[in-house]
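Novice: curious how this folds, go ahead:
(2 chains)
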Protein chains: 2
Amino acid sequence: MQLYGNFGSGNCLKVKYIAEATSTPYVLHEIRTRSGQTSTPEFLALNPAGQMPVVVLDDGRPLAQSNAILRYLAHGTRFIPADRYDAAKVDEWLFWEQYSHEPTVAVARARVVYDKQAIADLDPTLVGRGNKALDLMEAHLTGRTWLVGETITIADIALLPYTRQAPEGGFDLSSRPAILRWISACEQELGLPALGAEASKEQSHG
Amino acid sequence: MQLYGNFGSGNCLKVKYIAEATSTPYVLHEIRTRSGQTSTPEFLALNPAGQMPVVVLDDGRPLAQSNAILRYLAHGTRFIPADRYDAAKVDEWLFWEQYSHEPTVAVARARVVYDKQAIADLDPTLVGRGNKALDLMEAHLTGRTWLVGETITIADIALLPYTRQAPEGGFDLSSRPAILRWISACEQELGLPALGAEASKEQSHG
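Specialist: Numbering: from 1, shown residues only, chains lettered A, B, ... in the order given. The predicted model follows:
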């Protein structure tokens, strides 16, 4: 499988995590939105929406949208519940992530990390929505190990990258112990290095 | 099945369409965001995100996120392709709809229809993004009848309501013949009345 994106992007990290967890070999082709590389005719042929990540399957067919890729790669594995209702609750989290979490928590972080905006100058509405999303996760994870059911699913994998990176956008996780515990559980399950170590490595990509 | 929402909302209309297409009986409980009815403790117990639609299945368990509901109700029917790649492309459209289409095309319409903002005063960035989403659909549907494969799927059902309502937000469909043809095909397949008739009926709900 060919993966177009970069691991500074949480949406791309999701694909990395599920590919490695399901032993799906892939070749990373580094693509940068801010260098215009998602606007070239070649890239738009893979994804007319001009968004990364995109994977190209071994038969040459492309697939975009990180959470659609998660569902595809996790098909038939333990990362999607066999129970139909539990699988639907996983979907509920996937859609919520793209509608309410990524456009707030990740966007605030991008303004700080890439646009060099000061945390204090972030749009208060954006910050408020991000905090609301994190509060919802904190409430849900209080008393639970995983978002859905008794084991890690692609719901956890979809929420993990941008939640881990949230402090870079000024969001406080120290007051959200359930989220911190859940991050550790995900790291352990996925064999990831501790947050600080990986975050430093990612930032070195620029 | 209990359905909480209202049919002035495209996200709720999706659920109506798939429920009727799959002969899933439901009882509608009219809920209005702008009357605070998605912020009551009773509603937040069904969906902590405070968003409609929510369905409550016959065993009492709730499910939120319109596209997660679509996937649940369409499970095992002709509205989800049996082919794994085609099913993934349906997912790609579902996530794109919630990330790039609903937050632009539907939000612009809501500003006009509910907030009584003049079309000329809409945020140009919002309008530009909405037009970009509609252009992407127009290009994709040129030479195709359906978004994925040779038959209607939940990708079409997810995109239909807010695309049909787009002119209410000032978006021009007359210059997008492939979209107009696709809307007619969806109407015919789902047994919907012509656009004008249903739009008038929906607006009468306020």
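Novice: the closest residue to A:Thr153 other than its chain neighbours: how many residues sit nearby?
Specialist: Spatial nearest neighbour of A:Thr153, excluding adjacent residues (C-beta to C-beta, 6 or more residues apart in numbering or on different chains): A:Val90 at 5.1 Å. Every C-beta, even on glycine, is put in place using the N, C-alpha and C of the backbone. Neighbours of A:Val90 under the rule other C-beta atoms under 10 Å in any protein chain shown: 25.
Novice: so who does A:Lys14 touch?
Specialist: Applying C-beta atoms under 8 Å, 6 or more residues apart in numbering or on different chains, we find A:Lys14 in contact with A:Pro53, A:Ser66, A:Asn67, A:Ile69, A:Leu70, A:Ile157, A:Ala158, A:Leu160, A:Pro161.
Novice: just give me the closest of those residues to B:Thr77.
Specialist: Of all those, B:Thr77 sits closest to A:Asn67, with 21.7 Å by C-beta to C-beta.
Novice: what's the helix or strand for that closest one?
Specialist: Using DSSP states H and E, A:Asn67 sits in helix A:66-74.
Novice: next one: that helix to chain centre, how far?
Specialist: Centroid separation between helix A:66-74 and its chain, computed with C-alpha atoms, centre = their mean, to the nearest Å, is 11 Å.
Novice: same question, stretch A:106-117
Specialist: 16 Å.
Novice: kindly report the same for stretch A:120-134.
Specialist: 18 Å.
Novice: ok, it near chain B or not?
Specialist: No - judged by C-beta under 8 Å from any C-beta of the partner chain, stretch A:120-134 makes no contact with chain B; its nearest approach is 8.6 Å.
Novice: could I have the CA atoms of that stretch written out in PDB?
Specialist: Extracted in PDB, the C-alpha atoms of stretch A:120-134 (Å, rounded to 0.1, in the frame of the first residue of the first chain):
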ATOM      1  CA  ALA A 120      -3.500  33.600  23.900                       C
ATOM      2  CA  ASP A 121      -4.500  35.000  20.500                       C
ATOM      3  CA  LEU A 122      -6.500  32.000  19.400                       C
ATOM      4  CA  ASP A 123     -10.200  32.500  18.500                       C
ATOM      5  CA  PRO A 124     -12.000  32.000  21.800                       C
ATOM      6  CA  THR A 125     -14.900  30.300  20.000                       C
ATOM      7  CA  LEU A 126     -12.500  27.800  18.500                       C
ATOM      8  CA  VAL A 127     -10.900  27.200  21.900                       C
ATOM      9  CA  GLY A 128     -14.300  26.900  23.600                       C
ATOM     10  CA  ARG A 129     -15.400  24.300  21.100                       C
ATOM     11  CA  GLY A 130     -12.200  22.300  21.500                       C
ATOM     12  CA  ASN A 131     -12.500  22.300  25.300                       C
ATOM     13  CA  LYS A 132     -16.100  21.200  24.900                       C
ATOM     14  CA  ALA A 133     -15.000  18.300  22.700                       C
ATOM     15  CA  LEU A 134     -12.300  17.300  25.300                       C
END
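Novice: what residues does it touch?
Specialist: Stretch A:120-134 is contacted from outside by A:100-101, A:103-105, A:107-108, A:111-112, A:163, A:166, A:169-171, A:173, A:176, A:179, using C-beta under 8 Å, 6+ apart.
Novice: those also near chain B: which ones?
Specialist: Answer for the contacts of stretch A:120-134 near chain B (C-beta under 8 Å from any C-beta): A:Ser100, A:Pro103.
Novice: span of stretch A:158-172 from start to end?
Specialist: End-to-end distance of stretch A:158-172: 20 Å, with C-alpha to C-alpha, to the nearest Å as the criterion.
Novice: same deal with stretch A:70-86?
Specialist: Using C-alpha to C-alpha, the two ends of stretch A:70-86 sit 16 Å apart.
Novice: contacts for that stretch?
Specialist: Applying C-beta under 8 Å, 6+ apart, the contact partners of stretch A:70-86 are A:14-15, A:18-19, A:21-22, A:24, A:63, A:87, A:89-90, A:94, A:148-149, A:151-154, A:157-158, B:57, B:61, B:63, B:72, B:75, B:84-85, B:88, B:91.
Novice: filter those residues to the buried ones?
Specialist: Among those, those buried by neighbour count (16 or more other C-beta atoms under 10 Å in any protein chain shown) are A:14-15, A:18-19, A:21, A:24, A:63, A:87, A:89-90, A:94, A:148-149, A:152-154, A:157-158, B:63, B:72, B:88, B:91.
Novice: ok, A:Ile18 - contacts?
Specialist: Here A:Ile18 is in contact with A:Thr24, A:Ile69, A:Leu70, A:Leu73, A:Ala74, A:Phe79, A:Ile154, A:Ile157 (criterion: C-beta under 8 Å, 6+ apart).
Novice: the second one against A:Val55, yeah?
Specialist: Right, the one you point to is A:Ile69. Yes - assessed by C-beta atoms under 8 Å, A:Ile69 is found in contact with A:Val55 at 5.5 Å.
Novice: still on that earlier bit, from the buried ones among the contacts of stretch A:70-86, which land in helices?
Specialist: A:14-15, A:18-19, A:21, A:87, A:89-90, A:94, A:154, A:157-158, B:72, B:88, B:91 (DSSP state H).
Novice: buried residues, the helix or strand that A:Leu126 is a member of. List them.
Specialist: Per DSSP H and E, A:Leu126 falls inside helix A:124-141. For helix A:124-141, the neighbour count (16+ other C-beta under 10 Å) marks A:Leu126, A:Val127, A:Arg129, A:Gly130, A:Asn131, A:Ala133, A:Leu134, A:Leu136, A:Met137, A:Glu138, A:His140, A:Leu141 as buried.
Novice: re earlier: mind putting the contacts of A:Lys14 into JSON lines with pLDDT and distance to A:Leu122?
Specialist: Shown next, in JSON lines, are these (pLDDT from 0 to 100; distance: C-beta to C-beta, whole Å):
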{"residue": "A:Pro53", "pLDDT": "97", "distance to A:Leu122": "26"}
{"residue": "A:Ser66", "pLDDT": "98", "distance to A:Leu122": "24"}
{"residue": "A:Asn67", "pLDDT": "98", "distance to A:Leu122": "25"}
{"residue": "A:Ile69", "pLDDT": "98", "distance to A:Leu122": "29"}
{"residue": "A:Leu70", "pLDDT": "98", "distance to A:Leu122": "28"}
{"residue": "A:Ile157", "pLDDT": "98", "distance to A:Leu122": "27"}
{"residue": "A:Ala158", "pLDDT": "98", "distance to A:Leu122": "24"}
{"residue": "A:Leu160", "pLDDT": "98", "distance to A:Leu122": "22"}
{"residue": "A:Pro161", "pLDDT": "98", "distance to A:Leu122": "20"}
